[in-house]
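> okay, sequence plus prediction incoming.
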Number of protein chains: 2
Amino acid sequence: MNAPVANAQAKMLNATPIAFPCSSAPVTRVTQVQTYAGGKEIYTPGEKSGTFYEVEFGAVRLHRLLSDGRRQVIGFYLAGETFGFEADRTHAFFAEAIVPTGLRSFSQPGSGDDILKLALRGMLRAQEHLAVIGRQTAVERIAGFLLDMANRQGNLDHFDLPMSRLDIADYLGLTIETVSRVFAKLRASNLIKLQSVRCVQIQDFKALASLCA
Amino acid sequence: MNAPVANAQAKMLNATPIAFPCSSAPVTRVTQVQTYAGGKEIYTPGEKSGTFYEVEFGAVRLHRLLSDGRRQVIGFYLAGETFGFEADRTHAFFAEAIVPTGLRSFSQPGSGDDILKLALRGMLRAQEHLAVIGRQTAVERIAGFLLDMANRQGNLDHFDLPMSRLDIADYLGLTIETVSRVFAKLRASNLIKLQSVRCVQIQDFKALASLCA
DNA sequence: CGCTGAATTGAAAATCTTCAAGTCTAGTGG
DNA sequence: CCACTAGACTTGAAGATTTTCAATTCAGCG
(Lines give C-alpha, C1' and ligand atoms only; values in the text may rest on other atoms or scores of the structure.)
Protein backbone atom coordinates (compact mmCIF):
# COMPACT_ATOMS: atom_id res chain seq x y z
CA MET A 1 0.00 0.00 0.00
CA ASN A 2 1.36 3.37 -0.99
CA ALA A 3 -0.67 6.10 0.66
CA PRO A 4 2.04 8.53 1.66
CA VAL A 5 0.44 10.83 4.16
CA ALA A 6 -3.02 10.45 5.53
CA ASN A 7 -2.83 6.94 6.83
CA ALA A 8 0.29 7.52 8.81
CA GLN A 9 -1.62 7.15 12.03
CA ALA A 10 -4.01 4.52 10.79
CA LYS A 11 -3.48 2.36 13.82
CA MET A 12 -4.92 4.89 16.24
CA LEU A 13 -8.57 3.92 16.08
CA ASN A 14 -11.94 4.29 17.73
CA ALA A 15 -10.69 6.70 20.29
CA THR A 16 -13.20 9.24 21.37
CA PRO A 17 -11.32 12.51 21.19
CA ILE A 18 -8.61 12.65 23.82
CA ALA A 19 -7.06 15.96 24.65
CA PHE A 20 -3.44 16.28 25.56
CA PRO A 21 -1.27 19.31 26.03
CA CYS A 22 1.05 20.46 23.33
CA SER A 23 3.93 22.84 23.43
CA SER A 24 4.43 24.84 20.23
CA ALA A 25 1.67 27.42 20.44
CA PRO A 26 1.63 29.29 17.13
CA VAL A 27 -1.01 31.89 17.67
CA THR A 28 -2.91 31.95 20.91
CA ARG A 29 -3.88 30.55 24.25
CA VAL A 30 -5.84 27.34 24.47
CA THR A 31 -3.70 24.99 22.50
CA GLN A 32 -4.24 21.28 22.55
CA VAL A 33 -4.38 18.43 20.12
CA GLN A 34 -7.30 16.08 19.90
CA THR A 35 -7.35 12.93 17.86
CA TYR A 36 -10.39 11.66 16.02
CA ALA A 37 -10.91 8.26 14.44
CA GLY A 38 -12.01 8.22 10.82
CA GLY A 39 -15.72 9.00 10.56
CA LYS A 40 -15.95 10.77 13.94
CA GLU A 41 -17.92 13.98 14.18
CA ILE A 42 -16.05 17.12 15.17
CA TYR A 43 -19.05 19.40 15.34
CA THR A 44 -22.57 19.56 14.00
CA PRO A 45 -24.80 22.33 12.66
CA GLY A 46 -26.31 24.49 15.33
CA GLU A 47 -23.46 24.11 17.77
CA LYS A 48 -22.05 27.43 18.74
CA SER A 49 -18.83 28.19 16.93
CA GLY A 50 -15.87 30.25 18.02
CA THR A 51 -13.30 27.51 18.09
CA PHE A 52 -10.90 27.04 15.21
CA TYR A 53 -9.10 23.90 14.26
CA GLU A 54 -5.84 23.34 12.53
CA VAL A 55 -5.35 19.93 11.00
CA GLU A 56 -2.14 18.38 12.35
CA PHE A 57 -2.51 15.18 10.37
CA GLY A 58 -5.35 13.41 8.63
CA ALA A 59 -8.21 15.10 6.79
CA VAL A 60 -11.54 16.70 7.59
CA ARG A 61 -14.73 17.06 5.60
CA LEU A 62 -17.35 19.78 5.98
CA HIS A 63 -20.78 18.90 4.67
CA ARG A 64 -24.47 19.49 5.03
CA LEU A 65 -27.54 17.44 4.39
CA LEU A 66 -30.23 18.40 1.92
CA SER A 67 -33.84 17.75 2.70
CA ASP A 68 -34.03 14.89 0.23
CA GLY A 69 -31.23 13.05 1.97
CA ARG A 70 -28.50 14.00 -0.45
CA ARG A 71 -25.36 15.45 0.91
CA GLN A 72 -23.32 18.43 -0.15
CA VAL A 73 -19.65 18.48 0.70
CA ILE A 74 -18.54 22.04 1.31
CA GLY A 75 -14.86 21.45 1.65
CA PHE A 76 -11.94 19.26 2.61
CA TYR A 77 -9.17 20.28 4.98
CA LEU A 78 -5.75 18.68 4.91
CA ALA A 79 -2.75 18.83 7.20
CA GLY A 80 -1.76 22.42 7.90
CA GLU A 81 -5.12 23.89 6.93
CA THR A 82 -7.54 25.63 9.26
CA PHE A 83 -11.31 25.44 9.50
CA GLY A 84 -14.16 25.91 11.92
CA PHE A 85 -15.01 29.57 11.85
CA GLU A 86 -18.08 30.27 9.82
CA ALA A 87 -19.98 33.39 9.03
CA ASP A 88 -22.31 32.98 11.95
CA ARG A 89 -21.92 32.47 15.68
CA THR A 90 -23.21 29.00 15.05
CA HIS A 91 -21.91 26.22 12.85
CA ALA A 92 -23.78 25.71 9.59
CA PHE A 93 -22.17 22.40 8.63
CA PHE A 94 -21.11 19.00 9.86
CA ALA A 95 -17.39 18.59 10.36
CA GLU A 96 -16.08 15.04 10.34
CA ALA A 97 -12.69 13.40 10.38
CA ILE A 98 -12.35 11.41 7.17
CA VAL A 99 -9.41 9.36 8.33
CA PRO A 100 -7.72 9.28 11.73
CA THR A 101 -7.04 12.91 12.34
CA GLY A 102 -5.29 15.18 14.80
CA LEU A 103 -6.65 18.66 15.38
CA ARG A 104 -5.15 21.56 17.24
CA SER A 105 -7.90 23.80 18.49
CA PHE A 106 -7.85 27.49 19.33
CA SER A 107 -10.73 28.52 21.48
CA GLN A 108 -9.70 32.17 21.38
CA PRO A 109 -8.51 33.34 18.03
CA GLY A 110 -5.52 35.60 18.43
CA SER A 111 -5.62 39.14 17.19
CA GLY A 112 -8.30 40.44 14.86
CA ASP A 113 -5.63 40.29 12.22
CA ASP A 114 -5.22 36.56 12.62
CA ILE A 115 -8.90 35.83 12.38
CA LEU A 116 -9.21 38.14 9.42
CA LYS A 117 -6.41 36.37 7.65
CA LEU A 118 -8.20 33.08 8.24
CA ALA A 119 -11.49 34.49 7.02
CA LEU A 120 -9.88 35.74 3.84
CA ARG A 121 -8.20 32.43 3.26
CA GLY A 122 -11.53 30.73 3.80
CA MET A 123 -13.08 32.96 1.22
CA LEU A 124 -10.29 32.27 -1.23
CA ARG A 125 -10.91 28.57 -0.78
CA ALA A 126 -14.64 28.97 -1.32
CA GLN A 127 -13.94 30.90 -4.51
CA GLU A 128 -11.63 28.19 -5.74
CA HIS A 129 -14.29 25.61 -5.01
CA LEU A 130 -16.74 27.72 -6.97
CA ALA A 131 -14.32 27.95 -9.83
CA VAL A 132 -14.08 24.18 -9.96
CA ILE A 133 -17.72 23.22 -9.75
CA GLY A 134 -18.89 26.12 -11.86
CA ARG A 135 -17.41 24.30 -14.81
CA GLN A 136 -19.75 22.44 -17.04
CA THR A 137 -18.35 18.99 -17.61
CA ALA A 138 -17.41 16.23 -15.25
CA VAL A 139 -13.93 15.91 -16.71
CA GLU A 140 -13.20 19.60 -16.13
CA ARG A 141 -14.39 19.43 -12.56
CA ILE A 142 -12.39 16.36 -11.69
CA ALA A 143 -9.27 17.60 -13.41
CA GLY A 144 -9.58 20.82 -11.43
CA PHE A 145 -10.17 18.90 -8.25
CA LEU A 146 -7.12 16.71 -8.73
CA LEU A 147 -4.88 19.67 -9.49
CA ASP A 148 -6.16 21.46 -6.41
CA MET A 149 -5.47 18.44 -4.24
CA ALA A 150 -2.01 18.02 -5.73
CA ASN A 151 -1.27 21.68 -5.19
CA ARG A 152 -2.37 21.54 -1.58
CA GLN A 153 -0.13 18.58 -0.93
CA GLY A 154 2.92 20.28 -2.33
CA ASN A 155 2.72 19.13 -5.94
CA LEU A 156 4.42 15.89 -5.10
CA ASP A 157 4.63 13.23 -7.74
CA HIS A 158 1.92 11.30 -6.00
CA PHE A 159 -0.55 12.19 -3.29
CA ASP A 160 -3.39 10.93 -1.16
CA LEU A 161 -7.05 11.20 -1.76
CA PRO A 162 -8.19 10.67 1.80
CA MET A 163 -11.85 10.95 0.88
CA SER A 164 -14.08 8.37 -0.75
CA ARG A 165 -15.39 8.60 -4.30
CA LEU A 166 -18.75 9.48 -2.81
CA ASP A 167 -17.19 12.39 -0.94
CA ILE A 168 -15.67 13.62 -4.18
CA ALA A 169 -18.97 13.22 -5.99
CA ASP A 170 -20.84 15.19 -3.35
CA TYR A 171 -18.16 17.84 -3.47
CA LEU A 172 -18.30 18.24 -7.23
CA GLY A 173 -22.03 17.87 -7.69
CA LEU A 174 -21.70 14.60 -9.58
CA THR A 175 -22.61 11.00 -8.93
CA ILE A 176 -20.19 8.43 -7.68
CA GLU A 177 -20.45 6.51 -10.93
CA THR A 178 -19.51 9.54 -13.00
CA VAL A 179 -16.52 10.19 -10.76
CA SER A 180 -15.43 6.62 -11.17
CA ARG A 181 -15.82 6.71 -14.93
CA VAL A 182 -13.87 9.94 -15.28
CA PHE A 183 -11.06 8.52 -13.18
CA ALA A 184 -11.04 5.51 -15.49
CA LYS A 185 -10.94 7.74 -18.53
CA LEU A 186 -8.09 9.88 -17.18
CA ARG A 187 -6.18 6.75 -16.36
CA ALA A 188 -6.82 5.27 -19.79
CA SER A 189 -5.46 8.47 -21.34
CA ASN A 190 -2.32 8.21 -19.19
CA LEU A 191 -2.99 11.55 -17.52
CA ILE A 192 -3.04 9.97 -14.10
CA LYS A 193 -2.06 6.70 -12.53
CA LEU A 194 -3.73 5.12 -9.53
CA GLN A 195 -1.12 3.61 -7.28
CA SER A 196 -4.02 2.47 -5.21
CA VAL A 197 -7.64 3.50 -5.21
CA ARG A 198 -6.89 6.49 -3.02
CA CYS A 199 -3.40 7.36 -4.12
CA VAL A 200 -3.02 9.31 -7.32
CA GLN A 201 -0.01 10.06 -9.42
CA ILE A 202 -0.34 12.81 -11.98
CA GLN A 203 1.52 11.79 -15.09
CA ASP A 204 0.76 14.74 -17.29
CA PHE A 205 0.26 17.96 -15.39
CA LYS A 206 -0.07 20.11 -18.48
CA ALA A 207 -2.66 17.96 -20.16
CA LEU A 208 -4.64 17.84 -16.95
CA ALA A 209 -4.46 21.59 -16.58
CA SER A 210 -5.57 22.09 -20.16
CA LEU A 211 -8.73 20.15 -19.35
CA CYS A 212 -9.71 22.75 -16.77
CA ALA A 213 -10.43 25.31 -19.46
CA MET B 1 -42.98 48.04 -17.68
CA ASN B 2 -42.89 46.89 -14.11
CA ALA B 3 -39.33 46.62 -12.94
CA PRO B 4 -39.60 47.95 -9.41
CA VAL B 5 -36.07 48.71 -8.36
CA ALA B 6 -33.05 48.42 -10.58
CA ASN B 7 -34.12 50.67 -13.40
CA ALA B 8 -35.04 53.57 -11.21
CA GLN B 9 -32.13 55.51 -12.62
CA ALA B 10 -32.32 54.14 -16.12
CA LYS B 11 -32.17 57.59 -17.61
CA MET B 12 -28.71 58.27 -16.30
CA LEU B 13 -26.64 56.85 -19.08
CA ASN B 14 -23.19 56.60 -20.60
CA ALA B 15 -21.61 58.63 -17.88
CA THR B 16 -18.05 57.78 -17.19
CA PRO B 17 -17.90 57.53 -13.41
CA ILE B 18 -18.45 60.91 -11.83
CA ALA B 19 -17.54 61.39 -8.22
CA PHE B 20 -19.53 63.67 -5.99
CA PRO B 21 -19.45 64.12 -2.24
CA CYS B 22 -21.99 62.49 -0.03
CA SER B 23 -22.89 63.14 3.57
CA SER B 24 -24.02 60.05 5.51
CA ALA B 25 -20.73 58.29 6.21
CA PRO B 26 -21.54 54.90 7.72
CA VAL B 27 -18.16 53.50 8.53
CA THR B 28 -15.09 55.42 7.56
CA ARG B 29 -13.30 58.23 5.81
CA VAL B 30 -13.27 58.50 2.08
CA THR B 31 -16.93 58.44 1.28
CA GLN B 32 -18.23 59.32 -2.11
CA VAL B 33 -20.72 58.01 -4.59
CA GLN B 34 -19.82 57.19 -8.15
CA THR B 35 -22.29 56.32 -10.82
CA TYR B 36 -21.65 53.80 -13.56
CA ALA B 37 -23.66 53.20 -16.70
CA GLY B 38 -24.79 49.65 -17.33
CA GLY B 39 -21.91 47.61 -18.70
CA LYS B 40 -19.15 49.84 -17.31
CA GLU B 41 -16.15 48.26 -15.69
CA ILE B 42 -15.52 49.01 -12.03
CA TYR B 43 -12.25 47.18 -11.74
CA THR B 44 -10.33 44.44 -13.50
CA PRO B 45 -8.16 41.54 -12.38
CA GLY B 46 -4.69 42.55 -11.38
CA GLU B 47 -5.64 45.98 -10.12
CA LYS B 48 -4.62 46.46 -6.57
CA SER B 49 -7.53 46.13 -4.20
CA GLY B 50 -8.13 47.76 -0.87
CA THR B 51 -11.19 49.75 -1.78
CA PHE B 52 -14.65 48.49 -0.89
CA TYR B 53 -17.87 49.39 -2.57
CA GLU B 54 -21.37 49.49 -1.26
CA VAL B 55 -24.10 49.37 -3.87
CA GLU B 56 -26.39 52.38 -3.43
CA PHE B 57 -28.64 51.42 -6.33
CA GLY B 58 -28.32 49.21 -9.35
CA ALA B 59 -26.47 45.92 -9.49
CA VAL B 60 -22.92 44.68 -9.95
CA ARG B 61 -21.52 41.47 -11.38
CA LEU B 62 -18.18 39.84 -10.52
CA HIS B 63 -16.82 37.48 -13.11
CA ARG B 64 -13.70 35.97 -14.59
CA LEU B 65 -12.75 34.62 -17.96
CA LEU B 66 -11.65 31.05 -18.55
CA SER B 67 -8.92 30.26 -21.00
CA ASP B 68 -11.39 28.89 -23.54
CA GLY B 69 -13.30 32.14 -23.59
CA ARG B 70 -16.15 31.05 -21.37
CA ARG B 71 -17.05 33.22 -18.47
CA GLN B 72 -17.71 32.37 -14.87
CA VAL B 73 -19.87 34.71 -12.88
CA ILE B 74 -18.73 34.71 -9.27
CA GLY B 75 -21.47 36.79 -7.78
CA PHE B 76 -24.07 39.51 -8.02
CA TYR B 77 -24.33 42.47 -5.65
CA LEU B 78 -27.56 44.36 -5.14
CA ALA B 79 -28.44 47.60 -3.39
CA GLY B 80 -27.13 47.60 0.16
CA GLU B 81 -24.55 44.89 -0.43
CA THR B 82 -20.79 45.30 -0.27
CA PHE B 83 -18.07 43.90 -2.48
CA GLY B 84 -14.54 44.57 -3.60
CA PHE B 85 -12.28 43.09 -1.01
CA GLU B 86 -10.87 39.79 -2.06
CA ALA B 87 -8.51 37.36 -0.52
CA ASP B 88 -5.48 38.96 -2.04
CA ARG B 89 -4.04 42.45 -2.27
CA THR B 90 -5.00 42.35 -5.88
CA HIS B 91 -8.37 41.86 -7.54
CA ALA B 92 -8.97 38.43 -8.98
CA PHE B 93 -12.13 39.26 -10.91
CA PHE B 94 -13.81 41.74 -13.18
CA ALA B 95 -16.41 43.93 -11.53
CA GLU B 96 -18.99 45.50 -13.80
CA ALA B 97 -22.14 47.49 -13.34
CA ILE B 98 -24.99 45.48 -14.84
CA VAL B 99 -27.45 48.36 -14.97
CA PRO B 100 -26.92 52.01 -14.10
CA THR B 101 -25.41 51.78 -10.67
CA GLY B 102 -24.34 54.00 -7.83
CA LEU B 103 -21.44 52.89 -5.63
CA ARG B 104 -20.22 54.32 -2.38
CA SER B 105 -16.56 53.54 -1.98
CA PHE B 106 -14.47 53.21 1.15
CA SER B 107 -10.81 53.47 0.47
CA GLN B 108 -9.90 52.82 4.10
CA PRO B 109 -11.93 50.11 5.72
CA GLY B 110 -12.89 51.11 9.23
CA SER B 111 -11.84 49.02 12.16
CA GLY B 112 -10.56 45.49 11.83
CA ASP B 113 -13.92 44.47 13.12
CA ASP B 114 -15.72 46.06 10.21
CA ILE B 115 -13.55 44.47 7.61
CA LEU B 116 -13.81 41.14 9.36
CA LYS B 117 -17.58 41.37 9.35
CA LEU B 118 -17.47 42.04 5.64
CA ALA B 119 -15.10 39.16 5.03
CA LEU B 120 -17.36 36.80 6.93
CA ARG B 121 -20.38 37.99 5.05
CA GLY B 122 -18.49 37.48 1.81
CA MET B 123 -17.70 33.95 2.85
CA LEU B 124 -21.32 33.29 3.74
CA ARG B 125 -22.33 34.45 0.30
CA ALA B 126 -19.74 32.24 -1.37
CA GLN B 127 -21.05 29.29 0.63
CA GLU B 128 -24.59 30.04 -0.44
CA HIS B 129 -23.46 30.21 -4.03
CA LEU B 130 -21.77 26.86 -3.57
CA ALA B 131 -24.93 25.46 -2.08
CA VAL B 132 -26.88 26.52 -5.13
CA ILE B 133 -24.59 25.34 -7.90
CA GLY B 134 -23.56 22.21 -6.07
CA ARG B 135 -27.02 20.88 -6.82
CA GLN B 136 -27.33 18.46 -9.66
CA THR B 137 -30.20 19.58 -11.84
CA ALA B 138 -30.89 22.83 -13.64
CA VAL B 139 -34.30 23.19 -12.02
CA GLU B 140 -32.83 22.93 -8.54
CA ARG B 141 -30.18 25.50 -9.30
CA ILE B 142 -32.55 28.01 -10.77
CA ALA B 143 -35.14 27.56 -8.04
CA GLY B 144 -32.39 28.16 -5.51
CA PHE B 145 -31.16 31.17 -7.41
CA LEU B 146 -34.62 32.73 -7.59
CA LEU B 147 -35.26 32.19 -3.90
CA ASP B 148 -31.91 33.75 -3.07
CA MET B 149 -32.66 36.76 -5.22
CA ALA B 150 -36.11 37.13 -3.70
CA ASN B 151 -34.66 36.84 -0.24
CA ARG B 152 -32.06 39.49 -0.93
CA GLN B 153 -34.68 41.88 -2.20
CA GLY B 154 -36.82 41.56 0.89
CA ASN B 155 -39.08 38.70 -0.17
CA LEU B 156 -41.36 41.08 -1.98
CA ASP B 157 -44.13 39.69 -4.11
CA HIS B 158 -42.17 40.55 -7.20
CA PHE B 159 -38.57 41.53 -7.76
CA ASP B 160 -36.02 42.46 -10.36
CA LEU B 161 -33.57 40.27 -12.16
CA PRO B 162 -31.13 42.98 -13.20
CA MET B 163 -28.85 40.50 -14.94
CA SER B 164 -29.30 38.86 -18.32
CA ARG B 165 -30.10 35.21 -18.89
CA LEU B 166 -26.52 34.76 -19.96
CA ASP B 167 -25.30 36.19 -16.67
CA ILE B 168 -27.54 33.73 -14.84
CA ALA B 169 -26.30 30.87 -16.99
CA ASP B 170 -22.67 31.74 -16.32
CA TYR B 171 -23.42 32.03 -12.64
CA LEU B 172 -25.12 28.65 -12.41
CA GLY B 173 -22.85 26.72 -14.75
CA LEU B 174 -25.61 26.20 -17.33
CA THR B 175 -26.26 27.40 -20.86
CA ILE B 176 -28.51 30.29 -21.66
CA GLU B 177 -30.93 27.97 -23.42
CA THR B 178 -31.27 25.74 -20.39
CA VAL B 179 -31.93 28.75 -18.20
CA SER B 180 -34.60 29.93 -20.59
CA ARG B 181 -36.25 26.54 -20.75
CA VAL B 182 -36.32 26.15 -17.00
CA PHE B 183 -37.90 29.58 -16.63
CA ALA B 184 -40.50 28.49 -19.14
CA LYS B 185 -41.15 25.30 -17.24
CA LEU B 186 -41.48 27.07 -13.90
CA ARG B 187 -43.89 29.51 -15.47
CA ALA B 188 -45.90 26.73 -17.06
CA SER B 189 -46.19 25.07 -13.64
CA ASN B 190 -47.44 28.33 -12.13
CA LEU B 191 -44.55 28.52 -9.70
CA ILE B 192 -43.45 31.89 -11.04
CA LYS B 193 -44.87 34.58 -13.24
CA LEU B 194 -42.83 36.86 -15.46
CA GLN B 195 -44.24 40.36 -15.30
CA SER B 196 -41.58 41.17 -17.82
CA VAL B 197 -38.49 39.31 -18.91
CA ARG B 198 -36.52 40.63 -15.99
CA CYS B 199 -39.20 41.00 -13.36
CA VAL B 200 -40.24 37.85 -11.55
CA GLN B 201 -43.16 37.15 -9.29
CA ILE B 202 -42.98 34.04 -7.17
CA GLN B 203 -46.39 32.51 -7.03
CA ASP B 204 -45.65 29.43 -4.99
CA PHE B 205 -42.83 29.92 -2.55
CA LYS B 206 -43.20 26.53 -0.94
CA ALA B 207 -43.23 24.60 -4.18
CA LEU B 208 -40.19 26.49 -5.35
CA ALA B 209 -38.39 25.81 -2.09
CA SER B 210 -39.24 22.13 -2.32
CA LEU B 211 -37.44 22.01 -5.65
CA CYS B 212 -34.21 23.06 -3.99
CA ALA B 213 -34.06 19.73 -2.16
C1' DC C 1 -11.43 -17.80 3.47
C1' DG C 2 -15.29 -15.51 3.01
C1' DC C 3 -17.37 -10.99 4.49
C1' DT C 4 -18.65 -6.26 3.72
C1' DG C 5 -18.37 -1.79 2.07
C1' DA C 6 -16.12 0.70 -1.67
C1' DA C 7 -15.35 1.07 -6.35
C1' DT C 8 -16.03 -0.12 -11.11
C1' DT C 9 -18.60 -1.21 -15.20
C1' DG C 10 -22.73 -1.82 -18.35
C1' DA C 11 -27.05 -0.45 -20.49
C1' DA C 12 -31.12 2.32 -20.69
C1' DA C 13 -33.39 6.58 -19.56
C1' DA C 14 -33.26 11.34 -18.42
C1' DT C 15 -31.07 15.75 -18.76
C1' DC C 16 -28.28 19.14 -20.81
C1' DT C 17 -25.77 21.21 -24.65
C1' DT C 18 -25.31 22.55 -29.31
C1' DC C 19 -26.78 24.46 -33.42
C1' DA C 20 -30.37 26.66 -35.81
C1' DA C 21 -34.42 29.20 -36.34
C1' DG C 22 -37.66 32.17 -34.78
C1' DT C 23 -39.86 35.91 -31.46
C1' DC C 24 -40.04 39.76 -28.60
C1' DT C 25 -38.76 44.45 -27.11
C1' DA C 26 -36.65 48.70 -26.51
C1' DG C 27 -34.57 52.22 -29.07
C1' DT C 28 -34.00 54.76 -33.78
C1' DG C 29 -35.21 57.31 -37.36
C1' DG C 30 -38.42 58.31 -41.02
C1' DC D 1 -46.96 57.23 -35.17
C1' DC D 2 -45.07 53.47 -37.24
C1' DA D 3 -41.75 50.62 -39.36
C1' DC D 4 -37.02 48.94 -38.64
C1' DT D 5 -33.14 47.15 -36.32
C1' DA D 6 -30.11 45.02 -32.94
C1' DG D 7 -29.77 42.48 -29.06
C1' DA D 8 -31.95 39.54 -25.78
C1' DC D 9 -34.74 35.88 -25.26
C1' DT D 10 -37.31 31.67 -26.56
C1' DT D 11 -38.11 27.38 -28.84
C1' DG D 12 -37.09 23.09 -31.59
C1' DA D 13 -34.53 18.99 -32.77
C1' DA D 14 -30.43 16.20 -32.73
C1' DG D 15 -26.48 14.74 -30.36
C1' DA D 16 -23.69 14.28 -26.27
C1' DT D 17 -23.23 13.80 -21.37
C1' DT D 18 -24.85 12.39 -17.07
C1' DT D 19 -27.80 9.87 -14.06
C1' DT D 20 -30.06 5.80 -12.67
C1' DC D 21 -30.46 1.07 -11.76
C1' DA D 22 -28.27 -3.22 -11.68
C1' DA D 23 -24.54 -6.32 -11.62
C1' DT D 24 -19.77 -7.25 -10.79
C1' DT D 25 -15.15 -6.70 -9.08
C1' DC D 26 -11.91 -5.28 -5.61
C1' DA D 27 -9.58 -4.57 -1.05
C1' DG D 28 -9.21 -4.75 3.74
C1' DC D 29 -10.54 -7.36 7.90
C1' DG D 30 -12.39 -10.65 10.97
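Perfect, thanks for sending it.

> what's across from the spatially most central residue of chain A in the sheet?
Here the mean C-alpha position of chain A is nearest to the C-alpha of residue A:76 (CA atoms, centre = their mean), at a distance of 1.8 Å. When bridges are called by DSSP bridges, residue A:76 pairs up with residue A:61.

> for it, report the pLDDT, please.
Here, the pLDDT recorded for residue A:76 equals 97.

> I'd say it and residue A:171 touch.
Yes. At 7.1 Å, residue A:76 counts as touching residue A:171 under the criterion of CB atoms under 8 Å. C-betas here are computed from N, CA, C, even on glycine.

> what is in contact with these two at once?
residue A:163 (CB atoms under 8 Å, 6 or more residues apart in numbering or on different chains).

> can you map out the strands along chain A?
For chain A, the strands defined by DSSP state E occupy A:19-21, A:31-36, A:41-43, A:52-57, A:59-65, A:71-78, A:82-83, A:94-97, A:101-106, A:158-160, A:192-196, A:199-202.

> buried residues in the second one, which are they?
Buried residues in strand A:31-36, counted by 16 or more other CB atoms under 10 Å in any protein chain shown: A:31, A:33-36.

> domain assignment for chain A?
For chain A, the structural domains run A:6-130, A:134-211, going by automatic domain parsing.

> closest to DNA strand D out of the ones you listed?
domain A:134-211 (3.1 Å; CB to the nearest atom of the strand).

> show me which residues of chain A are close to chain B?
By the criterion of CB under 8 Å from any CB of the partner chain, the positions of chain A lying close to chain B are A:64, A:66-68, A:70, A:72, A:74, A:85-88, A:92, A:112-113, A:115-116, A:119-124, A:126-127, A:129-131, A:133-136, A:171, A:173-175, A:213.

> OK, contacts around the residue lying closest to residue A:171 once chain neighbours are set aside?
Nearest residue to residue A:171, sequence neighbours excluded (CB to CB, 6 or more residues apart in numbering or on different chains): residue A:73, at 3.9 Å. With contact set as CB under 8 Å, 6+ apart, residue A:73 has these partners: A:61-63, A:163, A:167, A:170-171.

> again, only using 10 Å
Shown in contact with residue A:73 (CB atoms under 10 Å, 6 or more residues apart in numbering or on different chains): A:61-64, A:93-94, A:129, A:163, A:166-173, B:130, B:134.

> and it, how far is that from residue B:134?
Residue A:73 sits at a distance of 8 Å from residue B:134 (criterion: CB to CB, to the nearest Å).

> same question for residue A:125.
The spacing between residue A:125 and residue B:134, counted by CB to CB, is 15 Å.

> again with residue A:209
Taking CB to CB as the measure, residue A:209 falls 23 Å from residue B:134.

> ditto for residue A:71
Here the distance between residue A:71 and residue B:134 works out to 10 Å (CB to CB).

> more neighbours, these two?
For residue A:71 versus residue B:134, the count of surrounding residues by other CB atoms under 10 Å in any protein chain shown is larger for residue B:134: 26 against 16.

> now list whatever residues contact both of residue A:71 and residue B:134.
Contacts common to residue A:71 and residue B:134, judged by CB under 10 Å, 6+ apart, are A:64, A:170-171.

> the longest helix along chain A versus strand A:71-78: what angle between them?
Within chain A, and with DSSP state H defining each element, the longest helix by residue count is helix A:112-133. Counting by axes from the mean of the first three to the mean of the last three CA atoms, to 10 degrees, helix A:112-133 points 130 degrees away from the direction of strand A:71-78.
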